[in-house]
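Asker: return a 3D structure for these sequence lines:
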Amino acid sequence: MPFYTVRVWVPDRPGALGAVASRIGAVRGDLVGIDILERGGGRAIDELVVDLPSESLVELLVSEISQVDGVDVEDIRRASDSLADPRLDALETAVALVTQFAVDPLLASLARSSLRDFQSDWAGIVDPDRGESVVSVGPTPPTEWLQAFLAGSRASIAPRPGEAAPDDVAWADLDVAGLVLVLGRQGRPFRIRERRQLTALARIVDTRWGELSGRGDRYAQPGASR
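Answerer: Next comes the predicted model:
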């Protein structure tokens with residue numbers, strides 16, 4: 001049976017998510033995964049993984065969920081079986097990264113894993129000092145565009161690195177390596193929880209990069225972490 005990832009805006013009150021789950025069951029769907037992406041202003045943005053018996057039920061599923069008072073469907077898309085448990089998927093990705101034994105495969109694995117885990121359209125790793133693209137997966141924008149985007153994002157006032165517009169592009173620094181991981185996906189904003197996960201993933205890879213390159217003591221220095 002096909003899996004679908006459904007991103008919904010839900011009132012942040014007891015029983016709201018239960019009402020959504022009831023509507024999913026009404027179309028013979030099975031709710032197999034829940035991820036809270038963002039909360040604030042009395043609403044939460046949740047990402048649900050739903051197992052449907054048939055693709056023909058997608059429109060009915062959206063209609064049923066939308067009938068719950070205060071609930072809006074932001075996006076629905078087909079998901080692979082591996083995304084049924086996004087938290088487990090993130091742990092497996094971390095294991096795959098820390099068991100890399102050379103820098104180039106490590107960076108390539110980071111780009112591929114990010115593309116899959118965040119269901120992005122493209123992923124790139126750039127060297128901002130040299131103005132070069134180190135790794136590129138998918139239809140990544142030109143390096144000049146990525147450079148301009150990063151410069152603009154760093155100049156913006158944001159609560160965390162990478163939270164500046166456009167919101168369908170996210171980035172995270174690899175401080176020791178002097179590189180930046182950038183992801184993009186058209187029409188689907190990266191939410192706070194996703195950006196924090198991306199930063200954590202980059203930190204894991206950066207630590208491993210330091211170990212492999214003999215520069216792993218950088219994080220021990222004052223002010224090296226954020």
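Asker: distance check, G131 against P142.
Answerer: With distances taken as C-beta to C-beta, to the nearest Å, G131 is found 11 Å from P142. For glycine as for every other residue, the C-beta is placed from the backbone atoms N, C-alpha and C.
Asker: any idea which helix or strand carries R195?
Answerer: Assigning secondary structure by DSSP states H and E places R195 in helix 192-213.
Asker: that should have said A108, apologies.
Answerer: Taking DSSP H and E as the criterion, A108 maps to helix 103-117.
Asker: how far does that helix sit from its chain's centre?
Answerer: In this view, helix 103-117 has its centroid 13 Å away from the chain centroid, taken as C-alpha atoms, centre = their mean, to the nearest Å.
Asker: how much does it deviate in direction from helix 192-213?
Answerer: Helix 103-117 and helix 192-213 are oriented at 170 degrees to each other (axes from the mean of the first three to the mean of the last three C-alpha atoms, to 10 degrees).
Asker: dump helix 103-117 to CSV, keeping only the CA atoms.
Answerer: The C-alpha atoms that make up helix 103-117 are tabulated as CSV, following Å, rounded to 0.1, in the frame of the first residue of the first chain:
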residue,chain,number,x,y,z
VAL,A,103,36.3,12.9,3.3
ASP,A,104,35.0,12.8,-0.3
PRO,A,105,32.6,9.8,0.4
LEU,A,106,31.5,11.5,3.6
LEU,A,107,30.5,14.7,1.9
ALA,A,108,28.8,12.9,-1.0
SER,A,109,26.9,10.8,1.6
LEU,A,110,25.8,13.9,3.4
ALA,A,111,24.3,15.4,0.2
ARG,A,112,22.5,12.3,-0.8
SER,A,113,21.2,11.6,2.7
SER,A,114,19.9,15.2,3.0
LEU,A,115,18.2,15.0,-0.3
ARG,A,116,16.3,11.8,0.8
ASP,A,117,15.7,12.7,4.5
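Asker: quick one: mean pLDDT for that helix?
Answerer: Averaged across helix 103-117, pLDDT comes to 93.
Asker: just checking, what packs against it?
Answerer: Applying 3 or more C-beta pairs under 8 Å, 6 or more residues apart in numbering; DSSP states H and E, one finds that helix 103-117 contacts helix 86-98, strand 122-127, strand 132-137, strand 179-184, helix 192-213.
Asker: same thing but at 6 Å, please
Answerer: Under the contact criterion of 3 or more C-beta pairs under 6 Å, 6 or more residues apart in numbering; DSSP states H and E, helix 103-117 touches helix 86-98, strand 122-127, strand 132-137, helix 192-213.
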